[in-house]
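Q: okay, predicted coordinates and the sequence, questions at the end:
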Amino acid sequence: MALVTDRLRKSREMKGWSQRELARQCGLGELQIHRYESGVTDPSTDSLKSMAEKLYVSSDYLIGLTQNPQGSVGDGTFNQVEQEIIDSFRREGWAGVIRLGAERLSK
């Protein structure tokens with residue numbers, strides 16, 4: 001499977017992580033992350049899964065099967081509020097969902 005190397009790098013940078021930090025988070029070597037990002041080698045499925053999970057992007061996005069970093073969830077029939085909740089959770093975790101809920105309640 002061919003990794004879209006700039007997507008891996010951009011996803012890592014969006015988290016503010018160095019190659020060393022992504023490697024640490026995924027239990028990989030820093031040199032291995034460098035090899036993935038430079039296109040020298042492709043990750044194993046286990047490494048791809050780990051990187052996708054830690055970066056909060058889909059593996060389909062990292063290998064170029066979708067343009068959406070989060071991939072697709074369900075049948076895609078979320079209303080606007082549901083999508084905001086999902087997006088908030090993906091960006092900030094539960095703290096983002098709580099913040100969004102507090103904002104909604106104060107209106």
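A: Perfect, thanks for sending it. Keep in mind that what you see is a predicted model, and the values were worked out from it rather than measured. Residues are numbered from 1 along each chain as shown.

Q: rest of the way, CA atoms for contacts and neighbours
A: Noted.

Q: quick one: the helices in this structure?
A: Counting by DSSP state H, the chain has helices at residues 5-14, 19-26, 30-38, 45-55, 59-62, 80-92, 94-105.

Q: could I get those helices as a markdown table with mean pLDDT?
A: Below are those laid out as a markdown table (pLDDT from 0 to 100):
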| stretch | mean pLDDT |
| --- | --- |
| helix 5-14 | 93 |
| helix 19-26 | 96 |
| helix 30-38 | 96 |
| helix 45-55 | 94 |
| helix 59-62 | 90 |
| helix 80-92 | 85 |
| helix 94-105 | 91 |
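
Q: highest average neighbour count across these?
A: helix 59-62 (a mean of 22; mean count of other C-alpha atoms under 10 Å).

Q: can you name every helix or strand that that one contacts?
A: helix 5-14, helix 45-55 (3 or more C-alpha pairs under 8 Å, 6 or more residues apart in numbering; DSSP states H and E).

Q: can I get it as PDB, trimmed to CA atoms?
A: Extracted C-alpha coordinates of helix 59-62, given in PDB (Å, rounded to 0.1, in the frame of the first residue of the first chain):
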ATOM      1  CA  SER A  59      -5.800   5.000   7.400                       C
ATOM      2  CA  ASP A  60      -7.800   5.500   4.100                       C
ATOM      3  CA  TYR A  61      -6.800   9.100   4.200                       C
ATOM      4  CA  LEU A  62      -3.100   8.300   4.700                       C
END
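
Q: who's in contact with it?
A: Contact with helix 59-62 is made by 3-5, 7-8, 48-49, 52, 66-71, as judged by C-alpha atoms under 8 Å, 6 or more residues apart in numbering.

Q: do stretch 79-91 as well
A: Contacts for stretch 79-91 (C-alpha under 8 Å, 6+ apart): 56, 95-97, 100.
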